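# could you work out the structure for the sequence below:
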Amino acid sequence: MIPRKKPGRLDDVRSNGWLDAMKSSSPPSKKVQKEAGVEGFSDDAKVGYSSWMFKYPSALKSFQQIVNHAKNKKIVIFLDYDGTLSPIVDDPDRAFISAEMRSAVRDVAKHFPTAIISGRSRDKVYQLVGLTELYYAGSHGMDIMLPIRNELCTNDSLIKSTDQQGKEVNLFQPAREFLPMIDEVFRTLVDKTKEVVGAKVENHKFCASVHYRNVDENSWPILAQCVHDVLKEYPRLRQTHGRKVLEVRPVIDWDKGKAVEFLLESLGFRTSHDVLPIYIGDDRTDEDAFKVLRGRYQGYGILVSAIPKESNAVFSLGDTSEVKEFLGSLAKTMENQEI
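Next comes the predicted model:
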C-alpha cells in the first residue's frame with residue numbers, strides 16, 4: 001500500500017542520486033548469488049570475475065602471505081556483523097550468528113584483540129554475539145566500549161559506565177549530544193513510513209536505519225522521498241547508503257575508519273611497525289576502515305562479497321562460511337605457534 005498523501009516531489013530523490021545509490025548498494029540476495037555462482041555467469045562475466053579475483057585475491061588462498069606478513073607483529077581483528085558474522089536476512093531481527101561462528105570468533109579472541117564494529121546499536125550487537133572478551137563499537141563506531149584496564153589513551157570524551165556484567169568500562173561516544181535528535185527523527189520516520197509496505201525503521205542509538213529489503217522496488221522512490229522530506233528539517237543529520245538500507249547519522253567527522261584508529265591507539269598501537277590490523281566486512285560503510293588500514297597501518301581489509309565490486313580492501317572472502325574458515329585458520333595457526 002502506498003501512502004494516501006504522497007511525500008514531496010519524487011524528482012528530489014531522482015536528481016540528488018538517491019535512487020541510483022539505492023540500486024547500486026542493493027546487490028542480489030545471497031540466495032540468488034549462491035544459485036547463480038560463477039557457473040551462472042556469461043563468458044564475459046567469468047572473465048570479469050577472474051580479473052576481480054586477481055585484484056582482490058581470496059584471503060584463504062593468500063593465508064600464508066598474511067601469516068608471513070604478521071611475523072613479529074601483533075594481529076588485531078576487526079569484524080563487521082551483518083553479512084560478515086551472520087548472513088543477510090530479510091528480517092534484521094533474525095540475523096543470528098551461528099554457534100560455529102561464535103566459537104570461531106571466541107577462539108580468535110583468545111589470541112588477538114578482537115573488536116566488532118557494527119551499524120547496529122552496541123547493546124544489540126552485544127546481545128547477538130554474547131562474548132564478553134570482545135570490544136564492541138556500535139552505531140558505525142560512534143559508541144565504543146573499552147575495558148578500563150586496557151584503556152591507554154586519555155580523552156575528555158570518555159565516560160565511565162558498567163557493562164552487562166556490572167564491570168566498569170569506558171565509553172567513547174563522540175555524537176552523544178545528538179541522542180535526543182536521533183530519538184525524535186526515529187519516531188518521525190516510523191510515522192512517515194508506516195504505510196510503505198515492508199519498510200522497517202530501527203533506532204541504533206546514534207543513528208537510525210530505514211530498511212527497504214522487503215519493499216517493492218516500485219515503492220523505493222516514495223520511501224526515499226519520505227526520508228528526504230524528514231531530513232530537510234534536520235540539517236545536522238545526513239543520510240548515507242548501506243545494503244538495502246538508508247541510514248541517518250549525525251554530521252560529524254566520524255566513521256568506522258576513525259573507530260579503527262581510536263581502538264588501535266587505545267590498545268597502544270600508534271605506529272604500523274608493531275601491529276597488523278585485519279578488518280573483515282561486506283558493506284560500503286566498511287570501506288572507510290579498509291582505507292585507513294591501507295594507509296597508515298599497512299593492514300589488510302578483507303571484503304566479503306560473492307560478486308565483483310570495487311573496494312579499498314586488499315583481499316576477499318566469498319561469504320560468511322569463508323569468514324568462519326579464515327578465523328578458524330588464524331586461531332589454529334596461533335595455537336601451533338606459527339605466528
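
# what sits closest to residue 261 if chain neighbours are left out?
residue 292 (6.0 Å; CB to CB, 6 or more residues apart in numbering). (C-beta placed from N, C-alpha, C; glycine too.)

# surely the one you found and residue 260 touch.
Yes. In this structure, residue 292 is within contact of residue 260 by CB atoms under 8 Å, at 5.4 Å.

# of the two, which one has the most company?
residue 260 (28 against 23; other CB atoms under 10 Å).

# how about whichever strand or helix holds the more buried one: buried residues?
Element membership of residue 260, judged by DSSP states H and E, is helix 256-266. The neighbour-count check on helix 256-266 (16 or more other CB atoms under 10 Å) flags 256, 257, 258, 259, 260, 261, 262, 263, 264, 266 as buried.

# quick check: closest non-adjacent residue to the first one.
Pointing back at residue 256 there. residue 289 (4.4 Å).

# how about the second one?
Excluding its sequence neighbours, the residue lying closest to residue 257 (CB to CB, 6+ apart) is residue 288, at 3.5 Å.

# so the one you found sits against residue 258, correct?
Yes. Counting by CB under 8 Å, residue 258 is a contact partner of residue 288 at 7.5 Å.

# ok, back up a step: how many residues are close by the residue nearest to residue 257?
20.

# ok, now which ones touch it?
Residue 288 makes contact with 255, 256, 257, 258 under the criterion CB atoms under 8 Å, 6 or more residues apart in numbering.

# distance of it relative to residue 281?
Per CB to CB, to the nearest Å, residue 288 is found 10 Å from residue 281.

# hey, what's in contact with both of the two?
Contacts common to residue 288 and residue 281, judged by CB under 8 Å, 6+ apart, are residue 256.

# where along the stretch 51-200 of the chain do the strands fall?
Using DSSP state E, counting those that start in this stretch, the strands found in the stretch 51-200 of the chain span residues 74-79, 114-117, 135-138, 143-147, 158-162, 168-172, 200-203.

# parallel or antiparallel, list what pairs with the third one.
Counting by DSSP bridges, the strands paired with strand 135-138 are strand 114-117 (parallel), strand 143-147 (antiparallel).

# check what contacts the last one and list those residues.
The list of residues contacting strand 143-147 from outside it, by CB under 8 Å, 6+ apart, reads 121-122, 135-137, 158, 161, 163, 167, 169-173, 205-206, 259, 262-263, 266.

# would you put the C-alpha positions of that strand in PDB?
The C-alpha trace of strand 143-147 is given here as PDB (Å, rounded to 0.1, in the frame of the first residue of the first chain):
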ATOM      1  CA  ASP A 143      29.500   4.100  20.600                       C
ATOM      2  CA  ILE A 144      32.700   2.300  21.700                       C
ATOM      3  CA  MET A 145      33.100   0.300  24.900                       C
ATOM      4  CA  LEU A 146      36.600  -0.200  26.300                       C
ATOM      5  CA  PRO A 147      37.600  -2.200  29.300                       C
END
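
# flag every buried residue along it.
143, 144, 145, 146.
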